[in-house]
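Q: Generate a structure from the sequence data that follows.
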Amino acid sequence: MTDTQRSTVYIETYGCQMNVSDSELMLGKLTACGYDSVPQPDTADVILINTCAIREHAEQRVMGRLGEMKNRMKRGAVLGVTGCMAQRLGAQILERARHVSLVIGPDGYRELPELIDSARAGLRTTATEFDLEEHYEDFRPRRFEGVKAWIPVQRGCDYRCTYCIVPTTRGPERSRQLADVIREVHAVVESGMSEVVLLGQTVNSYFDGRHGFADLLRAVGAVPGIRRLRFTSPHPNDFSPEVIRAMAETPAVCEHVHLPMQSGSDRTLRRMLRRYSREKYLECVAELRRAIPGLALTTDIIVGFPGETEEDFSETLSAAQEVGFDDAYTFKFSPRDGTPATRFPESDRVADEVASDRLARLIATVRSGSRERNFGALGQRYEVLVEKPARRGGLLQAKTRDFKTVMLPGDQSLIGKYLMVELTGTTGSTFLARQVTERLPLPISA
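A: Below is the predicted model:
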């Protein structure tokens, strides 16, 4: 490689929004060190697969992808595995995939350029130590989207639900200083974006030693130029009256909350160690809806958890119907080595065919309710932010404040703009719309 040639990097991301944010941090670090991003792995000098470990299927998918990369990598390229699967499996990945040179956990990205140089010299390395002080404050992320910004405010988790691998892969909970978050929000506005999404494993338990999540919401919402403020994923236990009041009183906070329920059965919730009851969850829903008119709710639900009976599952169905979720991410239980749920007796295991049947019934229940509400929204007008081209049909994809996905005609010059639209049709999960006014201007940052 000549002095005028810059090294190239390709990053592929699996899993949650936190992983997307981490990929943006890695790309920012490597760009600052002289790398250019490329859209395909075939021509890249460095290939990084940023991974998820939340379910077995996610890990199997990554191992399959690593096999594909063996045949796609150009000669001399460095292949690295980063993220939660890297943290969980460590050197096992090097043993299973001999063409992988680097395995780096979520707290190891600061040394990424040096580790890549070592890999080029023939050294295969793992870096999976936790660093409880690491928030990458001096990194400048290279954001993949030009419309909204993912901003981590918290890393790790202290809740230790019996099914969850996150405390093992991301360590204990720690929060960024409020001033550092606000500095990043100002930079986002200066780059031309007006929507931010605050990220944390239990984001509303944020506490930097002086400021709680209510303070954070008010401070971010007060940054000139911020028009939409979202956060994910909260825990039902951490919606204090102060947090709910801050949500209601901060105009930028959007009318949508993703509120993981996981189960509607008290017995299953106790075995999951979720630390709330069905009644407390429903009370939280009611308090949020009283404070924020028109609030949309989405959720996560697991079926087939060890020991789940048909009665337990029926309670989950009835809770989903009572809440009336706008959407739900639904999953069959996936055992993760090292979590307490794997130590339940074999007799508690729910047969896969039973779990599959329950999953299908749950999906049908959620979709039936959301479809009915969606048809009732036709003819109404909403402000949308145009995010990107739709995957097909020559349309654009946009989002309402309450997280409805809307498809509308238009050219790509509208991406990043706010429009007023009227909903004209629905597939049951997404909407078709037409523009009814001139585009709305972005607020001018201070």
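Q: can you pull out the helices in the stretch 101-250 of the chain?
A: Taking DSSP state H, counting those that start in this stretch, the helices of the stretch 101-250 of the chain run over residues 112-120, 166-170, 178-190, 213-221, 241-249.
Q: tally of neighbours for Glu12?
A: Glu12: 14 surrounding residues under other C-beta atoms under 10 Å. Where you see a C-beta, it was placed from the backbone N, CA and C, and this is true even at glycine.
Q: Please parse the chain into its domains.
A: Here the domain parsing of the chain from automatic domain parsing is 7-127, 148-375, 381-435.
Q: so which of the helices of the stretch 101-250 of the chain gets nearest Phe313?
A: Ranking the helices of the stretch 101-250 of the chain by their distance to Phe313 (criterion: C-beta to C-beta) puts helix 166-170 first, at 24.6 Å.
Q: which outside residues touch that closest one?
A: For helix 166-170, contacts defined as C-beta atoms under 8 Å, 6 or more residues apart in numbering pick out 53-54, 84-85, 87-88, 105-106, 155-160, 201, 338-339.
Q: just stretch 71-79 next, same as before
A: By C-beta under 8 Å, 6+ apart, the residues outside stretch 71-79 that reach it are 41-47, 49, 66, 69, 97, 99-102, 116, 119-120.
Q: In which helix or strand does Val20 reside?
A: Taking DSSP states H and E as the criterion, the element that holds Val20 is helix 17-32.
Q: packing partners for the top helix by length along the chain?
A: Of all segments of type helix in the chain, defined using DSSP state H, the longest is helix 352-376. The elements that helix 352-376 packs onto, with contact taken as 3 or more C-beta pairs under 8 Å, 6 or more residues apart in numbering; DSSP states H and E, are strand 296-303, helix 310-323, strand 327-332, strand 418-426.
Q: CA-only coordinates of the helix holding Val20 in PDB, if you can.
A: As requested, the backbone C-alpha atoms of helix 17-32 are provided in PDB (Å, rounded to 0.1, in the frame of the first residue of the first chain):
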ATOM      1  CA  GLN A  17     -29.500   0.200  18.700                       C
ATOM      2  CA  MET A  18     -26.600   0.100  21.200                       C
ATOM      3  CA  ASN A  19     -24.700  -2.000  18.800                       C
ATOM      4  CA  VAL A  20     -25.400   0.500  16.000                       C
ATOM      5  CA  SER A  21     -24.100   3.200  18.200                       C
ATOM      6  CA  ASP A  22     -20.900   1.200  19.000                       C
ATOM      7  CA  SER A  23     -20.400   0.600  15.300                       C
ATOM      8  CA  GLU A  24     -20.600   4.400  14.800                       C
ATOM      9  CA  LEU A  25     -18.000   4.900  17.500                       C
ATOM     10  CA  MET A  26     -15.600   2.300  15.900                       C
ATOM     11  CA  LEU A  27     -16.000   3.900  12.500                       C
ATOM     12  CA  GLY A  28     -15.300   7.300  14.000                       C
ATOM     13  CA  LYS A  29     -12.200   6.100  15.700                       C
ATOM     14  CA  LEU A  30     -10.900   4.400  12.600                       C
ATOM     15  CA  THR A  31     -11.700   7.300  10.300                       C
ATOM     16  CA  ALA A  32      -9.700   9.600  12.600                       C
END
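Q: Just checking: what are the partner strands of the helix or strand following it?
A: Using DSSP H and E, the helix or strand that follows helix 17-32 in sequence is strand 35-37. Applying DSSP bridges to the sheet, strand 35-37 is found paired with strand 7-13 (parallel).
Q: Which residues belonging to the strand it pairs with are considered buried?
A: Ser7, Thr8, Val9, Tyr10, Ile11, Thr13 (16 or more other C-beta atoms under 10 Å).
Q: With respect to Leu359, which of those residues is nearest?
A: Out of these, the member with the shortest distance to Leu359 (by C-beta to C-beta) is Thr13, at 25.6 Å.
Q: All good on my end, thank you.
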